[in-house]
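J.: Generate coordinates for the sequence data below:
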Amino acid sequence: MLDIKFLRENPDIVKQNIKNKFQDKKLPLVDEVIELDLENRKIKQEVEALRADRNKLSKQIGGLMAKGQKDEAEKVKAEVAKNSARVDELTAQEKDVEERIKKIMMTIPNIIDPSVPIGKDDSENVEIQKYGDPVVPDFEIPYHTDIMESFNGIDLDSARKVAGNGFYYLMGDIARLHSAVISYARDFMIGRGFTYCVPPFMIRSDVVTGVMSFDEMDAMMYKIEGEDLYLIGTSEHSMIGKFIDTVNKEADLPYTLTSYSPCFRKEKGAHGIEERGVYRIHQFEKQEMIVVCKPEESKMWFDKLWQNTVDLFRSMDIPVRTLECCSGDLADLKVKSLDVEAWSPRQKKYFEVGSCSNLGDAQARRLRIRVVGENGEKYFAHTLNNTVAAPPRMLIAFLENNLQADGTVRIPEVLRPYMGGKEVLIPKK
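T.: Numbering: from 1, shown residues only. Just a heads-up that it's a prediction; the model follows:
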């Protein structure tokens, strides 16, 4: 959410930013919120004047009563009552106007970083760099669920009966591999100085609206019926929410946390990448990383975060590339975002396995996450997040890139301690 003062003083910049994100339907909102802001300030001025006048009149009542001028005192009391009624009326108007301003401000997109390429959607994202040599083996790579089934490692039919489409049972070595990847990702991030955390898997509505846009909320979040609770779509939501309504010492920053959680997503309107199998599902597990830092350090942390994901995948011999997300592909709260994509030998192309985002002070402003500097001045922190590893997409990349011609799957050295020392997985059929 933008600072209303910034919008008031820079309406043209805000409008151009909306155009850069190809959200022209939101352009009238800028003028509307400016008008509401002016109305709100006029209301506040009148309320302040009325309160000052009321205080002045109230002091007169005692003096008049002391002089025995009861009739005059009653007239002044009537004036005070009239004044108070007007203040109550204006206060109600003020609350209504401020709610309307807040609602609009939460739909106006954050100002994107100047380095972000301008484009309409993810088809215009820009490749930055490739890491590792993508290989297409001289044998056919089966579809990922077929690989898993060769190990008796997945049961989609039973899951469909139990929970419907978008769910799965992982079994045996594949289930163990799933847990191994999560455990390795956890220890990898701890080794990079991050504090491990297991957060709440449900959050209240004020946290939901603090960490994401209304469009994201509608497309992703499952609400608990009869409760002010939502299942998290990623642990980032719960982790950033940890700092709601806090004033943090500048000397304590940055906070660097890595968290494990299950994730629950509607996947409403999901499209593009292959729908069958376990590409798009309603429940999965993920290791995440978040940073809360000073504004001047967020660019540095952004580069560190995505590099962590690249290094993790490369340590498992999986080729990856990084993509700079264009303006039209950025969610409204994001200042800048970079996707990490893994190589798929079967599809002969890359697919997304992680996303790194710098949200500037947007989440901090909504959640009131402030920092107090050495001079005593308070300001909003910057927040960032990035995927460490999110099976089962991570598993798809792993299985395809480590599959051998005989159907076995090689276990990279870094994962062997988490797999009981196994160097290879042998199919059951």
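J.: neighbours around the nearest residue to residue 241 once chain neighbours are set aside, how many?
T.: The shortest distance from residue 241 to any non-neighbouring residue, by CB to CB, 6 or more residues apart in numbering, is to residue 207 (3.8 Å). Using the backbone N, CA and C atoms, a C-beta is placed for each residue, glycine as well. For residue 207, the neighbour count with other CB atoms under 10 Å is 23.
J.: my read: residue 207 touches residue 244, true?
T.: Yes. Counting by CB atoms under 8 Å, residue 207 touches residue 244, with 6.3 Å between them.
J.: Mutual contacts of the two, please.
T.: Residues touching both residue 207 and residue 244 (CB atoms under 8 Å, 6 or more residues apart in numbering): residue 367.
J.: any idea how far residue 24 is from the residue nearest to residue 241?
T.: Distance of residue 207 to residue 24, given as CB to CB, to the nearest Å: 31 Å.
J.: And residue 111, by the same measure?
T.: With distances taken as CB to CB, residue 111 is found 17 Å from residue 24.
J.: Is the residue nearest to residue 241 within a helix or a strand, and which one?
T.: Assigned by DSSP states H and E, residue 207 belongs to helix 205-211.
J.: hmm, who's touching the following helix or strand past that helix?
T.: Going down the chain from helix 205-211, the next helix or strand is helix 214-220, by DSSP H and E. Helix 214-220 has contacts (CB under 8 Å, 6+ apart) with 106-107, 208-209, 212, 233, 265-269, 331-332.
J.: Confidence-wise, which of these comes last?
T.: Least confident of the contacts of helix 214-220 in the model: residue 269, at 51.
J.: re earlier: comparing residue 111 and residue 24, which shows the higher neighbour count?
T.: With neighbours defined as other CB under 10 Å, residue 111 and residue 24 compare such that residue 111 has more, 19 against 10.
J.: For residue 11, see how far away the closest residue to that one other than its chain neighbours is.
T.: Of all residues not flanking residue 111 in the chain, residue 17 sits nearest, at 5.2 Å (CB to CB, 6+ apart). Noted for residue 17: a distance of 11 Å to residue 11, by CB to CB.
J.: In this protein, which residue sits furthest out from the middle?
T.: Most distant residue from the mean C-alpha position of the chain: residue 68, 66.8 Å away (CA atoms, centre = their mean).
J.: Tell me both backbone torsions, phi and psi, for that residue.
T.: In terms of degrees, to the nearest 10, the main-chain angles of residue 68 are phi 80, psi 10.
J.: List the contacts of it.
T.: By CB under 8 Å, 6+ apart, no residues touch residue 68.
J.: Which pLDDT value belongs to it?
T.: We have a pLDDT of 78 for residue 68.
J.: Number the residues from 50 up from this point.
T.: With 50 as the first residue, the last one maps to residue 117.
J.: doesn't residue 434 fall inside a strand?
T.: Yes. Assessed with DSSP: H, G, I helix; E, B strand; the rest coil, residue 434 lies in a strand.
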